[in-house]
Each structure stands twice: as C-alpha cells, then as structure tokens.
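Asker: have a look; sequence and predicted model below, questions after that.
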Amino acid sequence: MKSTTLCIHEFLNTHTQRCIHQVILLFSLNNKLDVTLNGYQLSAENHIIIINHNDLYHISDAEQVVELCIPIQQFTKTIKSFFNFYYNYKLLNSNEYLKFQILTMIQQLSKCGPIESPLLNEIITIINKEAKIVHDFTYIPSIYTENNLLNDITEFIKAHITQPLSSKDVSSTFYISAPYISILFKKYLGISFKHYITSLKIALSLADLIQTKHAIYHISEYYGFNHYSNYIHQFKYFLNMTPNEFRKSVHASQQNNIVLINNNLNRFKPQIDLITKEKPVSSNQLRIDAKQLDFKDLAKPTTIFIHIDNLMDIIQSDFNSKLSFKDLTDAYVLINNLRNLSLENLSLTGMIDFIDSLFSDYIGIAIRIKSISQFDFIESLILQFLKFKPKYVKHQHNYNFLILFDTSHLSLNDVNRLYIKIKNLNFNIKMAITIEGVINQVNSLKNAFTLLQRFNFNYHFIDIEQVQVRNLLNKKGEGFNNSMSYYDYFNKVIKASHIDPSKFVYTKLTKQCFKFYEESHPLEIADLMCHILILLERGCGVGYELIRKEKADVALMNSHGIYEPLMYIYQFIRPFIGKPISIHKNFIMLKEKEEIHLLLFNSVNHRTSPKEVLNLSLKQPILNSKITLFIQTLNREHGFIDYALPPSFNDIYIERSLLRYIEQSTIPKAEIRQFTQFKNSLDFILHHDELKYIRILPS
C-alpha cells in the first residue's frame, strides 16, 4: 500500500496535472498559495485546499507550503462510496485545528521517523464530517475556465468518457477544428486534449480495480481504450505500476506509515511553533456582550445599479408593477441598450409615465451612451419629460437622470464635449464614465486617473470581471497580477486613483467573483453577506442584473420575477445604513435609543456544516426589563427561491396561479416574541446557510 506523505515546500510551482490515487491537503505557512483547481484560479490565503482524486490542479508562486498526500486506500477501506463523493474545501470549518494536527504530525515524524499516527484518522474524520459532498454517481470534476466553449467541451467529455473519444468527435459536435481544440486546452488548462482525456480515464478506472473483480482487459475496454496494451502503458505512466500490481497493493494488508519527505525543518520552525503553540478549540458557541462592543463602524450607503438590457421587456410585462426597491438605499435602473428604446417602438406617453413611476419610487434612471447620436436622442427625451411633467422643474419632486459615458465606444474628445454640454444645461443631470476605455486610450493607469481627476464625475464604473479589463490593468498599472481576486483588483484600482471610493462602481457582480462559489449550488448567505460587508465598509456602488438570465448572474429577481435572497438581505440591513454600528464576523449590531438591531449570519471563513448550528448568547442591560423581539429568518425554507423553484424550471411552463403560491411561500419567516421576566441573556440558534434579523425593544 502506498504510504501517506507529508512535506513542507519552501517554494512550489507545478505543471497542470490530474490528482490520481490520492487526496491532497495543502496550506501555506505564510498564506502565499495560488492554485488553479479544475480551471478556476484561486488564492488560498489562510485556507486549507483539498484536491480530490480526479481533480485537475496547478500550483503557482507558492511559498512554505505544507502538503499532506493521503492514498485513496485510507478512504476506501472504510468508505465504500468513496468514488461517489468529493471534498469541498470551502465547507471546512476547522482549518486552524487541522493545521495544528498536521503540523503536530510533522513534529512527531521529524523526531521518530515513519509512524502510523492516529492523528491521520482524526483528520480524515473531520474532513468527512465537514466537507464531504455525496453524489449518486462517480465524481468527475466540472471545469470552470474563462472560456465557455472549453467548459462545454469538458462537459461533453464527461458525458462520453467511457467511449473512445478523439478530437474529431469534439470537432463534429462543436463545429471547430482539431487544432483549435488543442489550442484551447493548452491555453486555458495547460495540458493537451489527449492528456486530459487519458488521465481522466485512468483515474476513473481505479474504482473498478478496487471495488470489482472484473478482468483488467474488460476494464480497459469499458473505458474506451482501443488496445489492452495501451491501457497498461498509460496506467504505468501515471501510477508507476501496472493495473495488476495496483490491485494487489490495494488488497495487501500492510501497515500504512506516514512518511516525512523533508526532515530539515529548521527554517520553518518559527511558523510551526507559532501555529502549534496552543491547540485550537473547535467551538460552536458565540457570546455577545454589548457593553464590550465598540460602535465606531459606520455603515456607509451604497449606490445600486440595476442592469436592464431591453427596457421594452420591462414596460410591456408585469415586471413593471414589481419594481419596488424601497429597501435599496440609492438605486438606479441602468439601461445598457438604446437600440430598442425608440418612440416608434413605444409611445412617448408610455415612456414618460414609466420614468415618472421610477422617480415616484425614488429610483433613478441611468442610460449608457455609446455615440453622439444616442446622447442627442436622450437629451431630447429628457426635455420632453420635463415639459410634460412640469412638477419636476418646479422642484415639487426630485428627478434623477444619470448619463453613463461608455468609453469603449466614445473617444475622450467626445466625452469632453458632452461633459461640457451637460454642465451648461439648465437642468440637473448626473454623469458617470466607464474607466476601462479611458485606460485603453492613454499610456498608463496613472495618466488615466490624472485625466479623470480633472473632471468631476459622480461615478466611475469598472467591469473588473472582464478578462480584457484585468489584462489591461496588468499591462498599464503597477502591482496587478492574475493571482489577485476580483475584489483585490477593484480595491487596488480605487486606492491607485485617489478618488473617493463612494464614486466607484463595480459594474456588474456575478457569482464568479465569489471565492467559494460552486456552479451546482446557489450562493450561500455567508457569501452574500461577505459582499454586503465590503459595501458597508467602502460605500462604493455595485451593479446587479434585474432578472437572472445566466447561471452566474447575481440578480434581484429570478427568471419568473420572484425576489432573490439578495433583495431580502438589503431589507434586513436597511436599519443599519448611515449609523454607527459594531461589525463582527458573525453579526452586525446597532444600538438606537432603547432598541437593539442585530443581524446574525455565518462567517464566510467559518461556516457551520449542514449538520451543525451556531449558538449565540446576547447579554445587554436592556434585557433587565420586559422586552419584545421581532425576528425575521432567511434560509433555504424561507426566502431562497432556488430551492423552491430551481433554475431547471426556467424552460418549463408554469401557471401564473402556481407561481403566485410559490412566491408567497418563499419569503423570510417573521415571528414576534415577548418576555415578561427578567433575563440575563438571550439565546439564538443559527443554522447552516441562515440569516436572522432581530429587533429588540422594550415592551
């Protein structure tokens, strides 16, 4: 049986490879670990990364990396369904405890040599408890690169992996040439098309070798190898033994020792001693003493831009009646496409009434301008609106128009002319600009910001999730690189600009921005709250889709016009906006006169597993009197539309009456409680993927 190995790498860079015959745990002692896992680039920071059997991975620019390689026999000898599950490292809640145990093993091994450590069994037990995701089928990873065509090709391969696949099969299915297929695999995955398929077939065949007595010839035939000898050859290439030798080694009853690869650990001793100084206590208890909190964090208001590509779809449907965004602090409807916005497609009356209805609900209207002629049309429309709605001119009501100059289409000279023209108008229009086009039209990022500082735009948009925008920043800025997260890019742009953060807008947020996002599952509340906390701290703007169209969209409504959880979260944080609050990784608290507002949530880095709960206890002087509690709960049963109406129903006709019932049943749970006896503390239970808004007031 292959031994479990432990190693600390001072520096680690690998080529792209498939993890076969083992599960790998990685973490960095100095938090410098960049990994591309199944095509998705991520920065591990202080997190433990788990690489599963069958996963495709590439490690780059890593320092002081601790690597624990556990052969799959350690799992298959006790777990029959091993090949039907995988470990999602994002669910690990015991990162610090696992690091402590792994480094303790290293200390023991450096003194005693190879041993059989009970700590390994505990590590496996913990990751089984916290991170295991079970399927009804064999686990094959999905590939998520920036190229959607390649992602689709790998899904096709996954569905036909037991067939003798060739590039011709893919070419005929996707109507692309074989050389182009090779280019895609090399560019985005770093391996050849043939290597990708062969390594996956070999990895999958291990399940048959371990769990069945099928002849090796039949196994090679089942996985689409044209010749038995080819299967033997490829197997030896990837595992350094024949299939028969592998099968014998699996069933041999040998002691599984843990081997330390490098014994000279002196240069890592300070970091190891620091982490192993005190054993972390795994706790699901949180005590909140309001007297000890410092209410010096200001919850800054954020500006929200609601993307609408075709306004006609909204005006001519029942979505118009649902555009109620009173819980959003400052909101604009952003119209990206003016091609269908013409008076021959819609009456002037309909257009003006629609704009009036937005302003009446305190929603602004932002319009993306890509040409001089488009500006002339919008200027004419605004003049007609103010003519037929004179109440706005007389300041009886506020109006809120915003022009967004798209510098990917407009030259800087055009922007300057239009900027001056708007400034000279006798009515108020706010202005914004897309800065990626500005950066593209000047020599450097520094020059772009110098130019922007001469203007006084209300907002500066940057579409940081577009790969060409990040490449532009890498090329023309300093200190930008592809290992950075989208938020890192965004924050660095703000810092380099010396412009007020509240004037920056993250053009459109998608799920790809989230470190722990998985396409097969909806975003968790912990992810959304991480995003909200960043907004509350920075006060910058953000764009969302109004209606979800693509899997990765972060939207306010699903495709049936039913609110997504994000809308309810904005409802919950509304009482905190603009006020001094206390922010913790698991809660936000506001003390207002004799009332307390409390928002409870799971931390993005310390989530509860689906089987665990977080117990919270609140201690506060107000509790020494009769009190009333108003509680709203957002979770998978209350407010998560994706669990009541999964996206798979998007292409299925559903009666309106049924949709109304579903909509009415997928709102946050509300309850009210009264306490007539004195209490020293209030206790709450927070479940996995759950958020609670609690208002405490004297009865």
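Answerer: That came through, no problem. Numbers count the residues shown, from 1 in each chain.
Asker: give me the number of residues near residue 233?
Answerer: Summarising burial for residue 233: neighbours were counted as other CB atoms under 10 Å, giving 12. The way it works is simple: take the backbone N, C-alpha and C, and place the C-beta from them, glycine included.
Asker: wait, is it part of a helix?
Answerer: Yes - under the criterion used here (DSSP: H, G, I helix; E, B strand; the rest coil), residue 233 sits inside a helix.
Asker: so what's it scoring on pLDDT?
Answerer: Among the per-residue scores, residue 233 holds a pLDDT of 96.
Asker: where do the strands sit along the stretch 301-450 of the chain?
Answerer: Defined through DSSP state E, counting those that start in this stretch, the strands belonging to the stretch 301-450 of the chain, from first to last, are 303-308, 330-335, 363-369, 401-405, 430-434.
Asker: and what of the stretch 501-650 of the chain?
Answerer: In the stretch 501-650 of the chain, the strands defined using DSSP E, counting those that start in this stretch lie at 504-506, 541-547, 555-557, 580-583, 587-592, 595-601, 613-619, 627-634.
Asker: those strands: lowest mean pLDDT?
Answerer: Ranked by mean pLDDT, those end with strand 613-619 in last place, scoring a mean of 84.
Asker: that one to strand 595-601, inter-axis angle?
Answerer: For strand 613-619 against strand 595-601, the angle between stretch directions is 160 degrees (axes from the mean of the first three to the mean of the last three CA atoms, to 10 degrees).
Asker: just checking, what packs against strand 613-619?
Answerer: Helices and strands touching strand 613-619, by 3 or more CB pairs under 8 Å, 6 or more residues apart in numbering; DSSP states H and E, are strand 285-289, strand 682-687.
Asker: report the buried residues of the longest one.
Answerer: So the one you mean is strand 682-687. The neighbour-count criterion (16 or more other CB atoms under 10 Å) identifies 682, 684, 686-687 as the buried residues of strand 682-687.
Asker: domain parsing for the chain?
Answerer: Following automatic domain parsing, the chain resolves into domains at 4-138+255-266, 148-251.
Asker: out of these, which gets nearest to residue 378?
Answerer: Ranking the domains of the chain by distance to residue 378, with CB to CB as the measure, places domain 148-251 first at 33.0 Å.
Asker: make CSV out of the strands of the stretch 301-450 of the chain and add mean neighbour count.
Answerer: Written out in CSV, the entries for those read as follows (neighbours: other CB atoms under 10 Å):
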stretch, mean neighbour count
strand 303-308, 24
strand 330-335, 23
strand 363-369, 23
strand 401-405, 23
strand 430-434, 22
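Asker: wait, which of the ones you listed is closest to residue 573?
Answerer: Across those, the minimum distance to residue 573, taken as CB to CB, is reached by strand 303-308, at 12.1 Å.
Asker: so for the closest one, mean pLDDT?
Answerer: Averaged across strand 303-308, the pLDDT comes to 93.
Asker: next one: stretch 144-154
Answerer: 92.
Asker: give the buried residues for it.
Answerer: If you call a residue buried by 16+ other CB under 10 Å, then stretch 144-154 has these buried ones: 144-146, 150-151, 153-154.
Asker: can I get the CA coordinates of that stretch in CSV?
Answerer: Only the C-alpha atoms of stretch 144-154 are listed here, as CSV (Å, rounded to 0.1, in the frame of the first residue of the first chain):
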residue,chain,number,x,y,z
TYR,A,144,-14.6,26.3,-14.9
THR,A,145,-12.3,28.4,-17.1
GLU,A,146,-12.8,31.8,-18.6
ASN,A,147,-13.6,30.2,-21.9
ASN,A,148,-17.2,28.9,-22.0
LEU,A,149,-16.6,26.8,-25.2
LEU,A,150,-13.9,24.8,-23.4
ASN,A,151,-16.1,24.4,-20.4
ASP,A,152,-18.8,22.9,-22.7
ILE,A,153,-16.3,20.6,-24.3
THR,A,154,-15.2,19.2,-21.0
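Asker: that older thread, tabulate the buried residues of stretch 144-154 (CSV), appending distance to residue 103 and secondary structure.
Answerer: What follows is those, written out as CSV (distance: CB to CB, whole Å; DSSP: H, G, I helix; E, B strand; the rest coil):
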residue, distance to residue 103, secondary structure
144, 31, coil
145, 34, coil
146, 36, coil
150, 38, helix
151, 37, helix
153, 41, helix
154, 36, helix
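Asker: and of those, the nearest to residue 407?
Answerer: residue 146 (23.0 Å).
Asker: how much space separates that closest one from residue 221?
Answerer: Residue 146 sits 37 Å away from residue 221 when distances are taken as CB to CB, to the nearest Å.
Asker: circling back: adding distance to residue 476 as columns, could you present the strands of the stretch 301-450 of the chain in TSV?
Answerer: TSV is the format used below for the strands of the stretch 301-450 of the chain (distance: least, CB to CB, whole Å):
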stretch	distance to residue 476
strand 303-308	25
strand 330-335	26
strand 363-369	23
strand 401-405	20
strand 430-434	15
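Asker: of those, which approaches residue 615 most closely?
Answerer: Distances from residue 615 to each of these were compared by CB to CB, and the smallest falls on strand 303-308, at 34.1 Å.
Asker: paired strands for the closest one, with orientation please.
Answerer: Strand partners for strand 303-308, identified by DSSP bridges, are recorded as strand 330-335 (parallel), strand 541-547 (parallel).
Asker: find the nearest non-adjacent residue to residue 644, please.
Answerer: What sits nearest to residue 644 in space, not counting adjacent residues and going by CB to CB, 6 or more residues apart in numbering, is residue 666, at 4.7 Å.
Asker: so for that neighbour, what's the pLDDT?
Answerer: 86.
Asker: burial check on it, number of neighbours?
Answerer: Counted with other CB under 10 Å, the burial measure for residue 666 works out to 23 neighbours.
Asker: wait, which of the buried residues of strand 682-687 is closest to residue 484?
Answerer: When the buried residues of strand 682-687 are compared for distance to residue 484, the smallest value, 31.8 Å, is given by residue 686; criterion: CB to CB.
Asker: in contact with the closest residue to residue 222 other than its chain neighbours, which residues?
Answerer: Residue nearest to residue 222 in three dimensions, not counting chain neighbours: residue 162, with 6.0 Å by CB to CB, 6+ apart. Taking CB atoms under 8 Å, 6 or more residues apart in numbering as the criterion, residue 162 is in contact with 222-224.
Asker: if any of those are buried, put those into a ChimeraX selection.
Answerer: The buried residues among the contacts of residue 162 can be selected in ChimeraX (16+ other CB under 10 Å) with this line:
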select :223,224
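Asker: can you put the contacts of residue 162 in TSV and add secondary structure?
Answerer: Converted to TSV, these look like this (three-state DSSP):
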residue	secondary structure
222	helix
223	coil
224	coil
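Asker: identify, from the contacts of residue 162, the entry nearest to residue 93.
Answerer: Distances from residue 93 to the contacts of residue 162, taken as CB to CB, are shortest for residue 223 (36.8 Å).
Asker: and stretch 58-75, what's buried?
Answerer: In stretch 58-75, counting by 16+ other CB under 10 Å, buried: 58-59, 62, 64-75.
Asker: would JSON lines of the strands of the stretch 501-650 of the chain with distance to residue 515 be doable?
Answerer: Supplementary listing: the strands of the stretch 501-650 of the chain in JSON lines, determined by distance: least, CB to CB, whole Å:
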{"stretch": "strand 504-506", "distance to residue 515": "15"}
{"stretch": "strand 541-547", "distance to residue 515": "17"}
{"stretch": "strand 555-557", "distance to residue 515": "20"}
{"stretch": "strand 580-583", "distance to residue 515": "19"}
{"stretch": "strand 587-592", "distance to residue 515": "21"}
{"stretch": "strand 595-601", "distance to residue 515": "16"}
{"stretch": "strand 613-619", "distance to residue 515": "21"}
{"stretch": "strand 627-634", "distance to residue 515": "21"}
